[in-house]
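Student: kindly return the folded structure for what I paste below:
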Amino acid sequence: MNIFAFNPKASHHVNYSTEQIFCVPDVEWSGAKSFWRTICADNFRAGLYGLVGICLSSILMGCQILTSLATPNNPHIIAQSTEQRRQVESVESTELAIISTSEKAFAIDLFRALPSQDNLIYSPYSIYYGLGMIYAGAQGKTETQMAEVLHFTIPAERVHKALNGLNFRLLTLNSDSEHQNSREQRFRLSINNSLWGQQGYSLQDAYLDTIAHHYSGVLHLVDFAGQSEHARQIINTWVSEQTINRIPEIIPSNTIDSTTKLIVLNTVDFSADWQFRFRANEDDSFFLQDGDEIAVPFMSIVARLPYTSILGFQIVELPYRDSEASMVLWLPNKEHSVELGSSLSTEQIEEGFQDLEPTHMKLTMPKFAYNSELELVETLSILGMNQAFSEQANFNGISRENSLRLDDILHKATIVVDEIGTKATAATGAVMSPTSAVSSDFHLTINRPFLFMIRDRMSGVILFIGRVVDPR
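Tutor: Prediction:
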């Protein structure tokens, strides 16, 4: 889960008033590139609780009235473009390959830049996709820096189309076969986006259309200026429901205030059964980096699995049932620390993937469950997009009213791995030389710190990446 929080660059407090215009049925207000409709909602998954005919004139230049249901207790308003999300048949396969390679490069850059001593789980795809929504409104040097950090090598107008195509590709992992209903119990990937804007704060029509076309994003209007704590609770409720309560809070107290103008959210929820189910074992020894020995629950499997030994790692791939997704385990050789993974390049990661060969083996590994919370402003600044967080930030493509800067980027992720499969959830927000062949009786025991990646084998996208230092 990511949160991207935007504040105006001016350091002084600015008061904004909200002007409400009640639209008349069957009347279209001129001056807008695209029409918007406002919807009153207080339950995100169960459905809409009513439609309200109110337009905030400083944000929405036109509206189409559906029904009038404005009340003093209206929890918040949703502004949704009448533009539909675009299907992606016209996206060239070469551009999908380029954007997939870019995501992988960003994933490894981020992994190498993050601290390497503790358990770690994050979704590079969630962060990448969320930053793509921010990139849609970046201009000038801010845009250039973001493109470099995100490894965008195609024109900006093609980036969003390619990201949309990649997103659709990943959603096909859910499968549309005749057995889909039963498969949904064994494999599930859900990706959701949303924007949360200050009532009365003007956003560019072109930006909102881009979010609607390529990200299926909806703008929720809340009152950061007058009720920032209430807005925080509403946003956290949305996140909790998108992640099936696995991330109950993305925005901690005192993260947003009356100066916050826009929050961009992306959630990724993943749940999958192993293709070959493990058998639970008794507790066994796991050796920590400092040499201490602890007892933890293990599980084992005998199967023909993709395996290789290269680059100082033993690498084994665990496929998920009914999908092209898999978890790849990277176990450092005994003479190396798990920190070795911090020096791996994108090319070496790809070399490891391509060197995998089916091998009959017994695999024993620990069960584990943990979560991570990351603040990414410093890390992304080090990687090269520092202007986005400064007074020189240029997000005029989002709004020209009191120029914005990115204030926070928060990411939370959880993972549970057991005999049945994997449950991984993430949310991002911005507050603005191979060894010889292995014999069939080969036994690999993962009893020391290791790395893992959850990937889509078809596109190469890395959905989650992590490090297990202590599986307790």
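Student: for the chain, give the helix that spans the most residues.
Tutor: helix 93-113 (DSSP state H).
Student: contacting residues around it?
Tutor: For helix 93-113, contacts defined as CB atoms under 8 Å, 6 or more residues apart in numbering pick out 122, 124-125, 127-128, 149-154, 158-159, 161-163, 165-166, 169, 341-346, 349-350, 379, 382-383, 459-462, 465. Yep, even glycine has a C-beta here, placed from its N, CA and C like the rest.
Student: and it, C-alpha only, in CSV?
Tutor: C-alpha atoms of helix 93-113 as CSV (Å, rounded to 0.1, in the frame of the first residue of the first chain):
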residue,chain,number,x,y,z
SER,A,93,4.2,-5.8,-27.3
THR,A,94,7.6,-4.1,-27.5
GLU,A,95,6.3,-1.3,-25.3
LEU,A,96,4.9,-3.8,-22.8
ALA,A,97,8.3,-5.5,-22.7
ILE,A,98,10.0,-2.1,-22.3
ILE,A,99,7.8,-1.0,-19.4
SER,A,100,8.1,-4.5,-17.7
THR,A,101,11.9,-4.3,-17.9
SER,A,102,11.7,-0.7,-16.5
GLU,A,103,9.6,-1.9,-13.5
LYS,A,104,12.1,-4.7,-12.8
ALA,A,105,15.0,-2.3,-12.9
PHE,A,106,13.2,0.1,-10.6
ALA,A,107,12.5,-2.9,-8.2
ILE,A,108,16.1,-3.8,-8.0
ASP,A,109,17.3,-0.2,-7.6
LEU,A,110,14.9,0.2,-4.7
PHE,A,111,16.0,-3.1,-3.1
ARG,A,112,19.6,-2.1,-3.2
ALA,A,113,18.9,1.3,-1.7
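Student: pLDDT of that helix, averaged?
Tutor: Helix 93-113 comes out with an average pLDDT of 91.
Student: next SSE downstream of it?
Tutor: strand 120-122 (DSSP states H and E).
Student: give me the sheet partners of that following strand and which way each runs.
Tutor: According to DSSP bridges, strand 120-122 forms sheet pairs with strand 462-468 (antiparallel).
Student: now the partner strand - C-alpha only, PDB.
Tutor: Taking Å, rounded to 0.1, in the frame of the first residue of the first chain, the C-alpha atoms of strand 462-468 are listed here in PDB:
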ATOM      1  CA  ILE A 462       8.200  -8.300  -9.900                       C
ATOM      2  CA  LEU A 463       5.000  -7.900  -7.800                       C
ATOM      3  CA  PHE A 464       6.700  -8.300  -4.400                       C
ATOM      4  CA  ILE A 465      10.300  -8.600  -3.200                       C
ATOM      5  CA  GLY A 466      11.600  -9.300   0.300                       C
ATOM      6  CA  ARG A 467      14.200 -10.600   2.700                       C
ATOM      7  CA  VAL A 468      13.700 -13.100   5.500                       C
END
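Student: the inter-axis angle of that strand versus helix 93-113?
Tutor: 20 degrees (axes from the mean of the first three to the mean of the last three CA atoms, to 10 degrees).
Student: for strand 462-468, which positions count as buried?
Tutor: 462, 463, 464, 465, 466, 467, 468 (16 or more other CB atoms under 10 Å).
Student: and the contacts of helix 93-113, which of them are in helices?
Tutor: 124-125, 127-128, 149, 158-159, 161-163, 165-166, 169, 346, 349-350, 379, 382-383.
Student: picking up where we left off before, return the member of the buried residues of strand 462-468 nearest to residue 426.
Tutor: The shortest approach to residue 426 among those belongs to residue 464, at 6.8 Å (CB to CB).
Student: which residues does that closest one bridge with?
Tutor: Here residue 464, judged by DSSP bridges, has bridge partners residue 454.
Student: residues contacting it?
Tutor: 121-125, 270, 413, 415, 424, 426, 452-454.
Student: switch to 6 Å and redo it
Tutor: Applying CB atoms under 6 Å, 6 or more residues apart in numbering, we find residue 464 in contact with 123, 424, 454.
Student: A strand includes the second one, no?
Tutor: This means residue 424. Yes. Using DSSP: H, G, I helix; E, B strand; the rest coil, the assignment for residue 424 is a strand.
Student: just for this protein, where's the confidence low?
Tutor: For the chain, applying pLDDT under 70 flags the ranges 1-91, 175-185, 335-336, 338-340, 431-441.
Student: now do the buried residues in the longest helix of the chain.
Tutor: 95-96, 98-111.
Student: stretch 298-306 too?
Tutor: 298, 299, 300, 301, 303, 305, 306.
Student: over to the last one. Which of the three states is it?
Tutor: Following three-state DSSP, the label given to residue 306 is strand.
Student: cool, and the first one?
Tutor: In terms of secondary structure, residue 298 is strand; the call rests on three-state DSSP.
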